[in-house]
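> My questions are about this predicted structure, shown below with the sequence.
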Amino acid sequence: MKKRGKRRKILKTFLKNRTSLIGACISAAMIFIAILAPWISPIDPLKQNVYHRLTPPERGHLLGTDEYGRDVLSRIFTGTRISFFVGIISVTLGMVIGTGMGMLAGYAGGKVETAVMRTLDIMMAFPDEVFGVMVMIVLGTGVENVIIAITVLMIPRFARMGHAPTLALKEQDYIAAAKSIGASDSRVIMRHVLPNIFGDILVMSTLWLGTAIRLEASLSFLGVGVPPPTPTLGSMVRAGVDFLGVAPWVSVFAGLAILVSIFGFNLLGDSLRDITDPKLYAR
Amino acid sequence: MIAYAIRRILIAVPTLIIVLTITFVLVRIAPGDPAEVRLGDYANKESVEALRKEMGLDKSMWAQYLETLKGLLHGDFGRSMINGRPISEEIKRSLPYTVQLTLMGIIFGIIFGIPTGVYTALKRNTLPDYIGRTLSLGGLSFPTFYLGILLMLAFSIKIPLFPVVGGGDIHNLADNLLHLALPGLTLGLIMTAYVTRMARSSVLNTLNEDYVRTARAKGLTERKVIYKHLLRNSLLAITALIGVYAIVLIGGSVMVEIVFSRPGLGKMMIGALKQRDYTTLQAVMIIFASLVVFINLITDLTYGLIDPRVRYK
């Protein structure tokens, strides 16, 4: 009874809050574009037309053409699709693996905990982009490898989230009680720790989805992301830099797509975080 | 305080060694043999083997590792696999550009971020607050390279105020600053967004504390309340987070350097990556990680200075 009331309260606050609604709309719009990209693209994103290179936005090409005469709008749709594909998979994998690791480390304690958390600390000793480049050097280019790289970057974040609450809960009396009647360790974790942190994890996932999208774009921009001819937003921006003076629309619009995607998820995640903040209930 | 400082510095050393080891291993398991890359596709087997021997690649991993370690202790990062020049020279040339850039970003962010954050916190839920919150959320949603490109488009290309690319002559102050302006502004704006949000939330948290109510009840002017009590206690959280964001900025500096073709560490790293120059890559990674460890160290020491409770743990 209590939980249903709490969830409904959150939903009501969510619907009344302007920021969360705007964030939700933007995110939903971008997700739709990502899903429907192959069907709503006016022109084949890979189709070259060298007679129409670098033309500014006009009726046939709403956002102009790139250096090979390809339609920028269609390429942006496909690029968004790739970004979201990579982002959602990386964050989901990172969430499952990372939270699991964090909870296990916290619960196990002792040397296991120290080893795991120290390793994660070392991983965070590298700035995101630098670490991402390092991983891509080792793995080589390709969608799967980009997903692996970004997943690896997500894992420490989620592990931290799973670790601290598990530590706190470990000491509680009802855990000892549960174990004394024979509850296995995994049951304890799943039934007691997980439900408590699940909401927070979901909220942070939204925020970190924005980070994942940014990382995929950055890696593509640097040239170590998904390789051509697949259009990615980052590589489009990179290509556009070469003729920024004469045809800025390529870089500007591709980058804008990245910005709007990240902004949408940040708005959404941020407002969700404010709404579900337990401290705010008291105010 | 000294004991705490020594303890902290000692912890940094094993971290650096582990980081070096990880970098060494990662760079070596990457595909592509440097000798092959250097000689090209049509080289014959003997010349590749000879070059490998010359580069020291035929020795065992362990021997190479020890050699690298020994060299580092002397500040010798080895020689580039592509042009054979000592890497420490190139690092000496590139490091100032990166450090300048990152520092400017941090300082800009602190100078503009803290007042904005404090102001929006005090004027909570009014129009300035909404504007501030939206702008700062927008700022941190901006991909670093995109902001750089937009600034370049606006202030270098469309309105030729600043040079488009390059780092300028590091010894000529005017030239240096001209080339630092836009890249520094890019990082600075993003850092401002981070710092504003964090200062705002820190001040909001402090506002609810009891001692603020006490101070107000005592009859202190609002000004005194803000400066004497609020800020000093928020300073702790702000310091910790500035350390974290400085690391984010280092990552951002790589992107900015590529956009503006600024000859810093980031550009060096990407160049080495494209050419499979293992030794240079390794050296740059180590420098980056060392910078991070260093920043963490400074942050912890500053923390210890501000909060006496930390020193005596």
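Nice, I can see it.
> Who are the contact partners of the residue of the stretch 1-150 of chain A found nearest chain B?
Of all residues in the stretch 1-150 of chain A, residue A:127 sits closest to chain B, at 3.0 Å by Cβ to the nearest Cβ. All C-beta atoms are positioned from the backbone trio N, CA, C, and that covers glycine. By Cβ atoms under 8 Å, 6 or more residues apart in numbering or on different chains, the contact list for residue A:127 reads B:247-248, B:250-252, B:254, B:288, B:292.
> of all those residues, which comes closest to chain A?
residue B:251 (3.0 Å).
> so that closest one is in which element?
Residue B:251 belongs to helix B:232-260 when elements are defined using DSSP states H and E.
> Nearest spatial neighbour of the residue of the stretch 1-150 of chain A closest to chain B, chain-adjacent residues omitted?
Nearest residue to residue A:127 in three dimensions, chain neighbours excluded: residue B:251, at 3.0 Å (Cβ to Cβ, 6 or more residues apart in numbering or on different chains).
> Can you verify my assumption that the one you found contacts residue A:125?
No - judged on Cβ atoms under 8 Å, residue B:251 makes no contact with residue A:125 at a distance of 12.0 Å.
> before we move on, back to that, quick one, phi psi at the residue of the stretch 1-150 of chain A closest to chain B?
phi -60, psi 150 (degrees, to the nearest 10).
> same check, this time on residue A:62
phi -60, psi -30.
> tell me the contacts of the nearest residue to it once chain neighbours are set aside?
The shortest distance from residue A:62 to any non-neighbouring residue, by Cβ to Cβ, 6+ apart, is to residue A:73 (4.9 Å). Applying Cβ under 8 Å, 6+ apart, we find residue A:73 in contact with A:41-43, A:61-63, A:253.
> Of these, which belong to helices?
Counting by DSSP state H, the part of the contacts of residue A:73 found in helices is residue A:253.
> Pull out the buried residues from the contacts of residue A:73.
Neighbour-count burial (16 or more other Cβ atoms under 10 Å in any protein chain shown) applied to the contacts of residue A:73 gives A:41, A:43, A:61, A:63, A:253.
> Closest one to residue A:150 out of the contacts of residue A:73, please.
residue A:253 (23.7 Å; Cβ to Cβ).
> Show the model's pLDDT score for that closest one.
Residue A:253 is assigned 94 on the pLDDT scale.
> gap between it and chain B?
Residue A:253 sits 11 Å away from chain B, going by Cβ to the nearest Cβ, to the nearest Å.
> of all the residues in the stretch 51-200 of chain B, which ones are close to chain A?
Within the stretch 51-200 of chain B, the residues that sit near chain A (Cβ under 8 Å from any Cβ of the partner chain) are B:137-138, B:140-146, B:149-150, B:152-153, B:157.
> Among those, which are located in helices?
Judged by DSSP H, helices contain the following of those: B:137-138, B:140-141, B:144-146, B:149-150, B:152.
> In the residues you listed, which has the lowest confidence score?
Note: of those, the lowest pLDDT belongs to residue B:140, at 89.
> For it, grab the count of nearby residues.
Neighbours of residue B:140 under the rule other Cβ atoms under 10 Å in any protein chain shown: 23.
> cool, and residue A:175?
Per other Cβ under 10 Å, the neighbour tally for residue A:175 reads 17.
> so it makes contact with residue A:192?
Yes - using Cβ under 8 Å, residue A:175 is in contact with residue A:192, at 6.6 Å.
> which residues do the two both contact?
By Cβ under 8 Å, 6+ apart, the residues touching both residue A:175 and residue A:192 are residue A:169.
> Find the centremost residue of the chain, please.
The chain I'm using is chain A. Against the mean C-alpha coordinate of chain A, by Cα atoms, centre = their mean, the closest residue is residue A:209 at 1.7 Å.
> if you could check chain B rather than the one you did, that'd help
In chain B, the residue lying closest to the centroid (Cα atoms, centre = their mean) is residue B:250, at 2.0 Å.
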